[in-house]
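[1] 3D model of this:
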Amino acid sequence: MAIAIPLVPFEKYIVAHAIFCVIGFLGFLPLGALLARYTRTYTPSWFTAHWICQFAIGGPTIIIGVALGIHAVNLSESGAVNDVHKKWGIAIFVLYLLQLAVGATVHYIKPHAWASGRGRRPAQNYFHAVFGLLIIAFAMFQVRTGFRAEWPAQTGRGSVGSGANGFWYFWIIFITVLYFAGLGLLWRQFRLEREARRAAAMKESPELKPISHSNEPSMAPQMT
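    I've put the predicted structure just below:
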């Protein structure tokens with residue numbers, strides 16, 4: 001019969017760190033991306049839902065998770081940045097903060113043509129989307145290094161049970177399939193953007209008419 005050894009204080013902080021970071025990076029960040037992908041062509045409120053997930057709720061959750069991880073490292077005296085999990089953790093957190101800045105820039109500083117509905121979607125918008133997906137992908141890898149390598153190395157308790165590994169695979173596949181299925185709405189998004197550009201052009205120049213040259217025969221019907 002196996003004897004359950006109670007968690008020591010730094011191990012409890014590791015568990016709390018894992019919970020908050022998984023909820024933040026693999027919960028709220030993918031949810032925010034999915035909301036943007038699925039709802040942006042149906043409601044103008046999509047951006048509000050997006051930033052609430054990515055920043056208002058996801059931000060504090062991630063910051064708490066990172067802080068708990070740092071405190072666990074300090075309690076265990078295992079060294080600040082001496083393995084893959086810790087290095088990736090710092091890098092992903094910095095990338096997340098950078099992505100927030102990019103998102104704010106994309107939203108509040110727009111090219112005039114795009115802001116007025118006449119121009120095409122600028123490159124920074126595409127960069128913001130791809131960069132966000134990369135951060136989520138990095139976080140997926142980071143979570144796996146946490147329960148497969150970091151936990152056994154720091155606690156000596158052995159690897160986490162196969163249930164965590166199975167759920168990780170399920171969640172990664174589930175999120176990926178959902179997002180790529182949502183790409184089917186791109187045709188609707190691009191169509192609406194084209195219609196908005198045409199509407200903006202007609203609003204600015206409603207008097208525009210086809211130009212007829214005097215040396216060309218008129219295609220208009222002749223009055224008799």
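[2] from now on I want contacts and neighbour counts done on CA atoms only, so please keep to that.
    Fine.
[3] which parts of the one helix or strand Trp187 maps to are buried?
    Remark: Trp187 resides in helix 186-204, with elements defined by DSSP states H and E. Residues 193-194, 196-197, 200 are the ones in helix 186-204 that count as buried (16 or more other C-alpha atoms under 10 Å).
[4] and the one residue sitting closest to the centre of the chain, helix, strand or coil?
    Nearest residue to the geometric centre of the chain (C-alpha atoms, centre = their mean): Gly132, 3.9 Å. Using DSSP: H, G, I helix; E, B strand; the rest coil, the secondary structure recorded for Gly132 is helix.
[5] list the residues that contact it.
    Residues in contact with Gly132, defined by C-alpha atoms under 8 Å, 6 or more residues apart in numbering, are 33, 99.
[6] by residue count, which helix of the chain is the longest?
    For the chain, the helix with the greatest residue count under DSSP state H is helix 84-108.
[7] ok, and what's touching that one?
    55, 66, 80-81, 124-125, 128, 131-132, 135, 138-139, 142, 145-146, 150.
[8] go with 6 Å
    Contact with helix 84-108 is made by Val81, as judged by C-alpha atoms under 6 Å, 6 or more residues apart in numbering.
[9] so which bits of that helix are buried?
    Neighbour-count burial for helix 84-108 flags 85-86, 88-89, 92-93, 95-96, 99-100, 102-103, 106 (criterion: 16+ other C-alpha under 10 Å).
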